[in-house]
Each structure stands twice: as C-alpha cells, then as structure tokens.
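> when you get a sec, could you give me coordinates for this:
(2 chains)
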Amino acid sequence: GENVEQHPSTLSVQEGDSAVIKCTYSDSASNYFPWYKQELGKRPQLIIDIRSNVGEKKDQRIAVTLNKTAKHFSLHITETQPEDSAVYFCAAIKAAGNKLTFGGGTRVLVKP
Amino acid sequence: KAGVTQTPRYLIKTRGQQVTLSCSPISGHRSVSWYQQTPGQGLQFLFEYFSETQRNKGNFPGRFSGRQFSNSRSEMNVSTLELGDSALYLCASSSTGPGPQNTIYFGEGSWLTVV
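Numbers count the residues shown, from 1 in each chain, chains lettered A, B, ... in the order given. Below is the predicted model:
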C-alpha cells in the first residue's frame, strides 16, 4: 500500500522567515496531494492541495510543489506568522476512493 | 452550508464495552470516511463508505466496523474496547464519486477515552 514520509517532524522558525515541509510517497498511482493544518484540539483543515497534472500551486503565502518523477511534494510557507503555529500533515490519495494516507506530521512553531 | 457533524464529541467508556459514533456529512456529499488519530500512530484510515457500500478499508481489526445510511449519514462501531482504542476519531466527507478526487473535509472528531 501507499506510504508517506514527512520531514521534519518539528520545525521552529522566526516570525517572517519561511518554512518548508517535505513529503515523499511510494505509490506512483497517487494523484492527489492535500495538505492539512491542525491546531491543538481542532479538526484538520485543508490549506492547499495539488493534483498530479500540476507541478506547483500557490495561495497567498502558501505554495505546494510536486515532483512526480521523484515522488515528492513540498509545502512552502513564506512570511510566517505566529498563527501559522500548528501541526501540518501531508497526504496522498489514489483515484477511485477517498483513502487518505497521511505523513507523520510536522509541528511548526513560529517564534515572535 | 453546515460542515461535517460528529456526535458525541467526548465520551468515556470502560474496557470491554462497545461504542457507536455518528457522522453527518456535508449536504450532498456521498462519501464518508473514518480516521483514527493517536499521538503514537498519527492519522490512520479506518474505512470509507460511498452510497451505502464500503469502498475502502484500512488495516484495523474486525472490532472496528461501520455503515452508511441512505441519507449518507454514517456510524462506526468499536466492540470490545481496549485501552489502545483511546483516540480522536475523525469523520471526513467528500462529494466524489468514481473519478477525480474532490476536496475532503473533516469533522471536529469524537474524543474517545477507554478506562
């Protein structure tokens, strides 16, 4: 089955700096890659996603890149703010179903 | 549009008991999936239902079961509870059918503590 590895597990950045989280997946049939942000005690919330026919997608301070050949995708957060502090999860999914395989999560701390 | 609604939000059960959790998906969504979240194992897929049929299943023992009703509402049941079943159980819904994925939205979850 699919396996998703996520690095780093923790990330501490200074406010205003950039944060980068990297994920690799094992199943070349995966074609949809969402990123979720989960604040303490709350639900995972989708922040951005990318499909396999796209190499990069950007939404304000957040961007995601996908390298299908290398089977890895990354989340980039620019100009980080304290409210970006949370746990971020990458995930991968194949067609015909909604079985999300999650990475282990990255705890991001933005220091003021 | 109301989001994914899960009940109950918090519950405490004793080992050996069974529990039923409920999920109402976003109106119009026909796919409902369930995940278990624990500090040690992260987010793990339990199963997915689409149009009342189980479409995908994760690697959990048979004590974990689910079903979906004609109105797309779903329930999951855990029988013979063990201490290790203590977790946040998340329900997610999507409007997708066969073909390209649509966005998957999560509910707030049901916090289960087994004592």
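> need the strands for chain A, in chain order.
Counting by DSSP state E, chain A has strands at residues A:4-7, A:10-14, A:19-25, A:30-38, A:45-51, A:56-59, A:62-67, A:72-77, A:86-94, A:101-102, A:106-111.
> can you say which of those strands is packed in most?
strand A:86-94 (a mean of 24; mean count of other Cβ atoms under 10 Å in any protein chain shown). For glycine as for every other residue, the C-beta is placed from the backbone atoms N, C-alpha and C.
> hmm, the host helix or strand of B:C91 touching chain A?
Element membership of B:C91, judged by DSSP states H and E, is strand B:87-94. Yes - using Cβ under 8 Å from any Cβ of the partner chain, strand B:87-94 reaches chain A at B:L90, B:A92, B:S94.
> hmm, which of those residues are the buried ones?
B:L90, B:A92, B:S94 (16 or more other Cβ atoms under 10 Å in any protein chain shown).
> so what's the second one up against?
Residues counted as contacts of B:A92 (Cβ atoms under 8 Å, 6 or more residues apart in numbering or on different chains) are A:N98, A:L100, B:V4, B:V32, B:S33, B:W34, B:Y35, B:I104, B:Y105, B:F106, B:G107.
> need the residues of strand B:87-94 next to chain A in CSV with pLDDT, can you?
Formatted as CSV, these follow (pLDDT from 0 to 100):
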residue, pLDDT
B:L90, 98
B:A92, 95
B:S94, 89
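> I'd like the residues you listed laid out as a markdown table, including distance to A:S28.
Converted to a markdown table, these look like this (distance: Cβ to Cβ, whole Å):
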| residue | distance to A:S28 |
| --- | --- |
| B:L90 | 27 |
| B:A92 | 24 |
| B:S94 | 23 |
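> burial of A:P8, as a residue count?
13 (other Cβ atoms under 10 Å in any protein chain shown).
> isn't it up against A:I21?
Yes - counting by Cβ atoms under 8 Å, A:P8 touches A:I21, with 7.4 Å between them.
> any idea what sits nearest the spatially most central residue of chain B, other than its immediate chain neighbours?
Note on chain B: the residue nearest the mean C-alpha position is B:W34, at 2.9 Å, using Cα atoms, centre = their mean. Setting aside the residues directly before and after it, B:W34 is nearest to B:L46 in space (Cβ to Cβ, 6 or more residues apart in numbering or on different chains), at 4.1 Å.
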